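Colleague: predicted structure and sequence below. I'll ask about it afterward.
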Amino acid sequence: MPSKSNQWCQLLRQFLNRVNDIMAGNGKTIFNLILSGKIPSHKIYEDESVYAFLDINPLSRGHVLVIPKEESRTMDCLSEDSAAELGRVLPKICRAIMKITGANDYNIVQNNGENAGQTVPHLHFHIIPKYPESNHSFIWEPKPIDHSDAMELSRAILEELE
Ligand code: 5GP
């Protein structure tokens with residue numbers, strides 16, 4: 001039986017998915033409304049290509065979303081220029097969050113596609129401070145690598161990238 005807070009999370013996710021479905025009909029996401037200032041956000045950083053703001057449902061204090069202004073659903077669709085701009089500012093934003101919150105540890109999470117947990121179809125990085133008392137977790141169930149598959153897989157990806 002899921003807990004009350006899990007039920008609320010599920011309901012909220014369903015609601016956000018619904019909002020996104022409606023907005024996707026216009027080729028827009030809720031983050032477009034934030035970028036255009038049509039809905040408010042707690043901005044922490046902005047430049048020509050990047051915008052960052054506090055997550056409305058933080059996993060911990062200082063949970064930030066960093067987004068490219070370019071409309072890109074997932075990482076594989078992002079332009080190299082926009083990726084470079086994001087990469088350039090991410091460490092600086094992390095440093096500021098750590099300094100201001102006092103957290104020493106943090107996770108950067110980036111979901112691509114609904115099945116991978118993406119609810120807003122506009123590329124974003126989560127920066128999530130982890131405090132000693134934080135109890136949020138990310139489910140991670142590693143299994144030993146299959147070396148024969150790994151040889152084939154790594155060769156195929158290597159060739160694709162050449
Ligand atoms: P995802 O599940 O797609 O990786 O993450 C989307 C994040 O966007 C969620 O953590 C959710 O709380 C956040 N979010 C969704 N709508 C809004 C909004 O209107 N304002 C803000 N600040 N965050 C939002």
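Modeller: Right, received. Where do you want to start? Numbers count the residues shown, from 1 in each chain.

Colleague: any residues of the chain in contact with the ligand? List them.
Modeller: Contacts of the chain with the ligand, taken as Cβ under 6 Å from any ligand atom, map to 16, 30, 41, 53-57, 65, 111, 117-120. For every residue, glycine as well, the C-beta is placed using N, CA and C.

Colleague: and which of those is nearest Arg155?
Modeller: Asn111 (27.9 Å; Cβ to Cβ).

Colleague: isn't the closest one right up against Gln118?
Modeller: Yes. Counting by Cβ atoms under 8 Å, Asn111 does reach Gln118; the two are 4.1 Å apart.

Colleague: give me the most central residue, the chain.
Modeller: Closest to where the C-alpha atoms of the chain average out (Cα atoms, centre = their mean) is Phe125, at 3.2 Å.

Colleague: quick one: contacts for that residue?
Modeller: 65-67, 86, 90, 108-110 (Cβ atoms under 8 Å, 6 or more residues apart in numbering).

Colleague: okay if I get those residues as CSV plus pLDDT, secondary structure and neighbour count?
Modeller: Formatted as CSV, those follow (pLDDT from 0 to 100; DSSP: H, G, I helix; E, B strand; the rest coil; neighbours: other Cβ atoms under 10 Å):
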residue, pLDDT, secondary structure, neighbour count
Leu65, 98, strand, 21
Val66, 98, strand, 22
Ile67, 98, strand, 23
Leu86, 98, helix, 22
Leu90, 98, helix, 16
Ile108, 98, strand, 12
Val109, 97, strand, 14
Gln110, 98, coil, 13
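
Colleague: distance to Thr74 for those - can I get that in CSV?
Modeller: As requested, the contacts of Phe125 are exported to CSV (distance: Cβ to Cβ, whole Å):
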residue, distance to Thr74
Leu65, 15
Val66, 15
Ile67, 12
Leu86, 13
Leu90, 17
Ile108, 16
Val109, 14
Gln110, 9
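
Colleague: so which two of those are the farthest from each other?
Modeller: Spatially, the most separated pair among those is Leu86 and Val109, at 14.5 Å (Cβ to Cβ).

Colleague: and Phe138, what pLDDT?
Modeller: At Phe138, the model reports a pLDDT of 89.
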